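K.L.:
model this:
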Amino acid sequence: MLPASTAHASATATLGPGASARGLVFGVLVAPQLKALAGWPGLFGALGAAMLAAPAVLRPAVAIEGASLAKLKRA
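P.N.:
Numbers count the residues shown, from 1 in each chain. Sure, this is the predicted structure:
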């Protein structure tokens with residue numbers, strides 16, 4: 001079993017590549033269909049909503065990282 005700090009670091013390291021892969025899929029598959037259905041305002045509205053949702057989605061990862069750093073400082 002890995003120490004908690006190592007497990008959190010590896011879990012957090014996968015966020016970047018995973019996000020870029022989802023961005024590629026969105027740009028190629030979803031964005032053209034969304035533009036065709038809702039037009040440019042709908043596409044940019046969806047992108048704006050995603051930007052507003054990103055901090056809420058990433059908050060648990062930030063909290064875990066902060067707790068791990070605080071634990072390291074105490075040790």
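
K.L.:
run a quick neighbour tally on residue 67.
P.N.:
Residue 67 has 13 neighbouring residues, counting by other CB atoms under 10 Å. From N, CA and C alone the C-beta is placed, and that goes for glycine too.

K.L.:
next one: phi and psi at it?
P.N.:
phi -60, psi -40 (degrees, to the nearest 10).

K.L.:
can you tell me how far it is from residue 59?
P.N.:
13 Å (CB to CB, to the nearest Å).

K.L.:
residue 28 too?
P.N.:
Residue 28 is 28 Å from residue 59, by CB to CB.

K.L.:
with residue 53 instead?
P.N.:
In terms of CB to CB, residue 53 sits 11 Å off from residue 59.

K.L.:
which stretches in the protein count as helices?
P.N.:
Secondary structure of the chain (DSSP state H): helices at 4-13, 15-25, 31-74.

K.L.:
so which of those is the most packed in?
P.N.:
Highest mean neighbour count of these: helix 4-13, a mean of 13 (counted as mean count of other CB atoms under 10 Å).

K.L.:
pLDDT of that helix, averaged?
P.N.:
The predicted model gives helix 4-13 an average pLDDT of 61.

K.L.:
who are the contact partners of residue 47?
P.N.:
By CB atoms under 8 Å, 6 or more residues apart in numbering, the contact set of residue 47 is empty.

K.L.:
in the chain, which helix or strand is least confident?
P.N.:
helix 4-13 (a mean of 61; mean pLDDT, DSSP states H and E).
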